[in-house]
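Asker: based on what follows, work out the 3D shape:
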Amino acid sequence: MIVDDNSPDGTGVLADELAAADSRLHVLHRATKAGLGAAYVAGFRWALDRGYDVVVEMDADGSHAPEDLPRLLDALASDHDAAPGADVVLGSRYVPGGRVVNWAPYRQWLSRGGNYYSRTALGVGITDLTGGFRAYRRHVLDTIDLATVASQGYCFQVDLAWRSVRSGFTVIEVPIVFTEREQGQSKMTSSIILEALWRVTAWGIKSRVARLRRRSHADSPSAATQPSQS
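Answerer: Just a heads-up that it's a prediction; the model follows:
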């Protein structure tokens with residue numbers, strides 16, 4: 001299913017032509033260009049409304065190789081009680097076996113630096129929080145309140161990965177090869193970078209304050225254990 005976020009470059013028309021020739025392909029047209037996060041949420045809801053058990057997201061510009069998809073789906077698979085599968089599988093550029101092809105050095109620095117800052121600020125052990133090649137079990141998306149996801153841009157990927165971890169789901173990474181697009185322009189802008197920076201910082205501070213409060217509450221003597229006053 002292709003989500004056309006009111007793209008001005010003719011993507012929607014081409015997608016409709018492909019869908020007309022293949023009944024397995026669907027196109028979701030959005031009236032306004034509302035950003036990456038809103039487009040993903042619309043796509044997730046489309047899939048959930050139609051009863052899909054697994055939802056996979058990937059870029060449509062050729063950066064993500066379909067050949068990597070079986071590894072993501074295999075990681076979701078479970079073998080009864082012996083080897084329960086993951087709830088969320090992230091295609092990772094930065095775990096052993098993953099790599100990036102044809103990216104300029106500054107793009108690699110920006111991506112690696114952003115991921116390092118995000119996992120440090122949020123305290124999660126995920127190497128690639130910003131990647132867009134992922135597989136979710138439907139119960140994850142049912143549990144996460146998609147209506148409260150306000151993140152746009154690439155911060156959306158950090159948001160959903162962190163929500164999945166906080167909800168107690170099993171999140172794992174599998175290596176993928178990310179190849180820079182051959183045509184078109186990146187949607188990365190300074191406003192997208194700033195949004196990710198302030199949101200991740202705010203989430204990290206809020207999470208640390210919550211942990212300190214829980215620790216303080218756990219360390220303080222309860223009223224039941226204090227001696228009564230006569």
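Asker: buried residues in the longest helix along the chain, which are they?
Answerer: Longest among the helix segments of the chain by residue count, using DSSP state H, is helix 190-219. By neighbour count on 16 or more other CB atoms under 10 Å, the buried set for helix 190-219 is 192, 195-196, 199-200, 203-204, 207. C-beta: built from backbone N, CA, C; applies to glycine.
Asker: gap between Gly35 and Ser191?
Answerer: 10 Å (CB to CB, to the nearest Å).
Asker: quickly list what's touching both of these two.
Answerer: Residues touching both Gly35 and Ser191 by CB atoms under 8 Å, 6 or more residues apart in numbering: Gly153.
Asker: just checking, Val3 touches Arg45?
Answerer: No: using CB atoms under 8 Å, Val3 makes no contact with Arg45, being 10.8 Å away.
Asker: neighbour count for those two, which is higher?
Answerer: Using other CB atoms under 10 Å as the criterion, Val3 and Arg45 rank with Val3 on top: 24 against 14.
Asker: give me every residue that touches the more buried one.
Answerer: Applying CB under 8 Å, 6+ apart, we find Val3 in contact with 28, 30, 39-40, 42-43.
Asker: roughly how far out does the helix or strand hosting it sit from the chain middle?
Answerer: Assigned by DSSP states H and E, Val3 belongs to strand 2-4. Averaging C-alpha coordinates over strand 2-4 and over its chain gives two centres that are 17 Å apart (CA atoms, centre = their mean, to the nearest Å).
Asker: stretch 191-203 too?
Answerer: Relative to its chain's centre, stretch 191-203 lies at 15 Å (CA atoms, centre = their mean).
Asker: what mean pLDDT does it get?
Answerer: The pLDDT scores in stretch 191-203 average 86.
Asker: same thing with stretch 175-188?
Answerer: 79.
Asker: so which strand or helix has the residue nearest the centre of the chain?
Answerer: By CA atoms, centre = their mean, the chain has its centre lying nearest to Gln157, at 3.0 Å. Under the criterion of DSSP H and E, Gln157 resides in helix 155-166.
Asker: tell me the strands beside whichever helix or strand comes after that helix, with direction?
Answerer: For helix 155-166, the succeeding helix or strand toward the C-terminus, using DSSP H and E, is strand 171-175. Strand pairing for strand 171-175, determined by DSSP bridges: strand 88-92 (parallel).
Asker: ok, residues contacting the strand it pairs with?
Answerer: By CB under 8 Å, 6+ apart, strand 88-92 touches 58, 64, 68, 72-73, 75-76, 98, 126-129, 131, 133-137, 140, 161, 164, 169-176.
Asker: before I go, just wanted to say thanks for your time.
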